[in-house]
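Trainee: prediction below, plus the sequence it came from.
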Amino acid sequence: MKIVKLTFNYDWPLFRQTPNFSQVWGGYKFVIDDTIKECDFWIVYTDYKIKTEIVKCDPENVIFIPGECYNTSPKFTQKFLDQFGTIITVQKEIKHKNVIYSHNANPWFIGKSFDELKSLETPNKTKLISVISSNKAFTEGHRKRVDFVKKLKEYFGDQLDVYGRGITDFEDKWDVLANYKYSIAIENDYCDDWVTEKFFDCLYTHTLPFYYGCPNLESIVNKESFIRINIDDFESSVKIIEDAIEQDEFEKRLELLKKESIESLHRDNLFPFLIKILEKKSILSKKDVVKIRSEFEINKRSVLIRFLSKVKRVLVR
């Protein structure tokens, strides 16, 4: 059994995405444990929050996955990035000797395990259409989403149920997707490979999404598992939504959604996604001591120098 150390600094039940919560997929055992000091692979799926760690591992098997697209991500220095043997990212702005530009296999947000989703019978679809959108407005993508959803609600009225932080809160995304035939899924950015739980949560609940985002999504999942809209063209989007509902596209595509859901659970789920990459790497019998440092630690000396320089300039004015 190959040991994969996973640095994952989010409070999330990640291992529900493995069979029987086993933390195992194929011949790989995934462990989130700071006390592990030797492993075959080390995957850092996080951002600035990491702390300095020293582990025995092949340096080429140390992998970094920034969990965000460029517009919402911390900006990493080259010194930080060069610590890793491989980087998996949607951010084309990141340059590295061994970078894989790909979606991030973001964890799903619905409160179901892999086993529950794998054996899922389509929920009773008693409701028509929902949309999930928080009131966050930090980026242009956030603001466009908020404005679009507001206009949709004004147009569709009671036909459309709107959920989200600061709007109508909910405990579990399952509750605002599973009983709906359709949902509107809007990413917070529009760039290749940036497809998140906003799409996959729809797929795994057998809900047909009207989707905005990821221009190359057709190369990742079946093109019939979603219907594209353009939030920059409200009238066109409304027509697409109304036509699809009138033509009962949900019923037409339900069997495809169920099939694609199962295939995606075994392909786009974080663990099989990672293993496909790990299987291409070798494991050395002799491992090196690898030290991964945070951005702050790497750059604290230069930050201090810049700060002292500013202080000096102020004092001599």
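Mentor: Ah, there it is.

Trainee: hey, let's count contacts and neighbours off CA atoms from now on
Mentor: Will do.

Trainee: quick one: the helices in the stretch 101-250 of the chain, in order.
Mentor: 114-118, 140-156, 197-204, 234-246, 249-265 (DSSP state H, counting those that start in this stretch).

Trainee: chain center to the fourth one, what's the gap?
Mentor: The gap between the average C-alpha position of helix 234-246 and the chain average comes to 27 Å, counting by C-alpha atoms, centre = their mean, to the nearest Å.

Trainee: hmm, who's touching that helix?
Mentor: Contacts to helix 234-246, defined as C-alpha atoms under 8 Å, 6 or more residues apart in numbering, come from residues 148, 152, 210, 229-231, 250.

Trainee: strands of the chain, start to end?
Mentor: Taking DSSP state E, the strands of the chain run over residues 2-7, 24-25, 28-31, 41-45, 53-57, 62-65, 86-89, 99-101, 127-132, 160-163, 180-186, 208-212, 227-228, 288-292.

Trainee: in the third one, what counts as buried?
Mentor: Think strand 28-31. The neighbour-count check on strand 28-31 (16 or more other C-alpha atoms under 10 Å) flags 28, 30-31 as buried.

Trainee: from those, pick the one nearest L256.
Mentor: Y28 (30.3 Å; C-alpha to C-alpha).

Trainee: show me the contacts for L257.
Mentor: With contact set as C-alpha under 8 Å, 6+ apart, L257 has these partners: 203, 206-208, 225.

Trainee: at 6 Å instead, please
Mentor: 206, 225 (C-alpha atoms under 6 Å, 6 or more residues apart in numbering).

Trainee: next, give phi and psi for the most centrally placed residue in the chain.
Mentor: The residue lying closest to the centre of the chain (C-alpha atoms, centre = their mean) is N106, at 2.6 Å. As for N106, its main-chain torsions (degrees, to the nearest 10) stand at phi -60, psi 140.

Trainee: could I get the pLDDT score of it?
Mentor: In the predicted model, N106 carries a pLDDT score of 93.

Trainee: pick the one among the contacts of helix 234-246 closest to V55.
Mentor: When the contacts of helix 234-246 are ranked by distance to V55 (C-alpha to C-alpha), F210 comes first, at 44.5 Å.

Trainee: bridging residues for that closest one?
Mentor: Using DSSP bridges, the bridge partners assigned to F210 are I184, I227.

Trainee: worst-scoring helix or strand of the chain, pLDDT-wise?
Mentor: helix 295-315 (a mean of 59; mean pLDDT, DSSP states H and E).

Trainee: what's the burial count for Y10?
Mentor: Neighbour count of Y10, defined by other C-alpha atoms under 10 Å: 10.

Trainee: next: S219.
Mentor: Residues within reach of S219, counting by other C-alpha under 10 Å, total 9.

Trainee: how far away is it from D169?
Mentor: Using C-alpha to C-alpha, to the nearest Å, S219 is found at 33 Å from D169.

Trainee: check F8 too.
Mentor: In terms of C-alpha to C-alpha, F8 sits 26 Å off from D169.

Trainee: between the two, which one's more packed in?
Mentor: Set side by side, F8 and D169 show more neighbours around F8, with 19 against 13, by other C-alpha under 10 Å.

Trainee: can I assume the more buried one is in contact with W42?
Mentor: No. Contact criterion C-alpha atoms under 6 Å: F8 and W42 do not qualify, at 10.9 Å.

Trainee: let's have the contacts of helix 234-246 in CSV, adding neighbour count and distance to I100.
Mentor: Formatted as CSV, those follow (neighbours: other C-alpha atoms under 10 Å; distance: C-alpha to C-alpha, whole Å):
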residue, neighbour count, distance to I100
F148, 19, 33
L152, 17, 37
F210, 24, 28
I229, 22, 28
N230, 17, 28
I231, 19, 29
F250, 22, 35
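
Trainee: possible to save those residues as CSV with pLDDT and distance to Q91?
Mentor: CSV is the format used below for these (pLDDT from 0 to 100; distance: C-alpha to C-alpha, whole Å):
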residue, pLDDT, distance to Q91
F148, 95, 25
L152, 96, 30
F210, 99, 24
I229, 98, 23
N230, 97, 22
I231, 96, 22
F250, 99, 33
